[in-house]
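Asker: The following block contains a protein sequence and its predicted model.
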Amino acid sequence: GTTNINTMNNNNNNNNENKNGTTDNMNDNILSPLANFLLDRACASMSLANYLYWYLKVETEDDSGLGIMFSAVLNSFLKRLKSTPEGEAMTMQLSAADEYVASIIQCQRQAREEKGKKEYKEQCFRRLLSDHKLNKVPGKVSAIPMPLEPSVLLNGLNVKSCFMFTSALYPAVIEFTVAPPNRDNLLTSSSSLSSKNVSA
């Protein structure tokens, strides 16, 4: 099982919910001291920011009602992160990584729904990746932190080496390419941040 961390002050949990049950108007004042501590620490470290971002992102998909709370915390985190030039650069990389992963997942899901055997689905998957130009990280950043190891910067993937397993969900194996260390990739490079570089 997992351990839930109370991220809001209990007496304010429902104060900012609108008629749709969302917390669009939530501000930092209703975050718990622990949540504020975590956000402040994450805003000072690319590594921590990466892990916290993906943790919150996954939890927002919780349909038990907690997803709304985690969405509010994520929004507060991103707002706070954007308050400095270094944090703005970190936000750009995290957003680009999120969009890149989502695009790959969309291609995989579309390919697995194609009628035919595994080999045909793999061909469709590779074609979709190529059609969407996902061999390179799209957008304004040239490299993104790997979600599970943010010290590794990725700049694309090898379309030809991608393949799928035979199962109901047809999970895919993807070979990503690692960005060489250079200043263009280091949007988050700062003495106050803990990101590292790995050469290809």
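Answerer: Sure thing, it's come through.
Asker: Any idea which residue is closest to the centre of this protein?
Answerer: residue 98 (3.8 Å; CA atoms, centre = their mean).
Asker: got a list of contacts for the longest strand seen in the chain?
Answerer: In the chain, taking DSSP state E as the definition, the longest strand is strand 149-157. The contact list for strand 149-157, computed with CB atoms under 8 Å, 6 or more residues apart in numbering, reads 46-47, 50-51, 104, 129, 134-137, 142-146, 174-179, 181, 185, 195-198. In short, each C-beta sits where N, CA and C put it, glycine included.
Asker: swap in stretch 124-144?
Answerer: So stretch 124-144 is contacted by 92-93, 96-97, 99-100, 103-104, 107-108, 110-112, 114, 116, 153-160, 162, 164, 172, 179, 184-185, 187 (CB under 8 Å, 6+ apart).
Asker: Buried ones among these?
Answerer: 92-93, 96-97, 100, 103-104, 107-108, 111-112, 153-157, 159, 162, 164, 172, 179, 185, 187 (16 or more other CB atoms under 10 Å).
Asker: can you tell me which of the residues you listed are in helices?
Answerer: 92-93, 96-97, 100, 103-104, 107-108, 111-112 (DSSP state H).
Asker: that's a helix at residue 140, yeah?
Answerer: No - per DSSP: H, G, I helix; E, B strand; the rest coil, residue 140 lies outside any helix segment and is coil.
Asker: State the number of residues packed around it.
Answerer: Residue 140 is flanked by 10 other residues according to other CB atoms under 10 Å.
Asker: do the same with residue 105
Answerer: For residue 105, the neighbour count with other CB under 10 Å is 11.
Asker: Neighbours of residue 145, how many?
Answerer: Residue 145 - counted by other CB under 10 Å - has 25 other residues nearby.
Asker: hang on, it in a strand?
Answerer: Yes - under three-state DSSP, residue 145 falls within a strand.
Asker: Off-centre distance for stretch 160-179?
Answerer: Distance of stretch 160-179 from the chain centroid (CA atoms, centre = their mean, to the nearest Å) equals 19 Å.
Asker: Equivalent analysis for stretch 125-137, please.
Answerer: 19 Å.
Asker: Stretch 88-98 too?
Answerer: For stretch 88-98, the distance to the chain centre is 8 Å (CA atoms, centre = their mean).
Asker: Just give the number of residues close to the nearest residue to residue 99 once chain neighbours are set aside.
Answerer: In this structure, residue 99 finds its nearest non-sequential neighbour in residue 139, 7.0 Å apart by CB to CB, 6 or more residues apart in numbering. When neighbours are counted by other CB under 10 Å, residue 139 registers 13.
Asker: What of the one 5 residues further on?
Answerer: By other CB under 10 Å, 29 other residues sit near residue 144.
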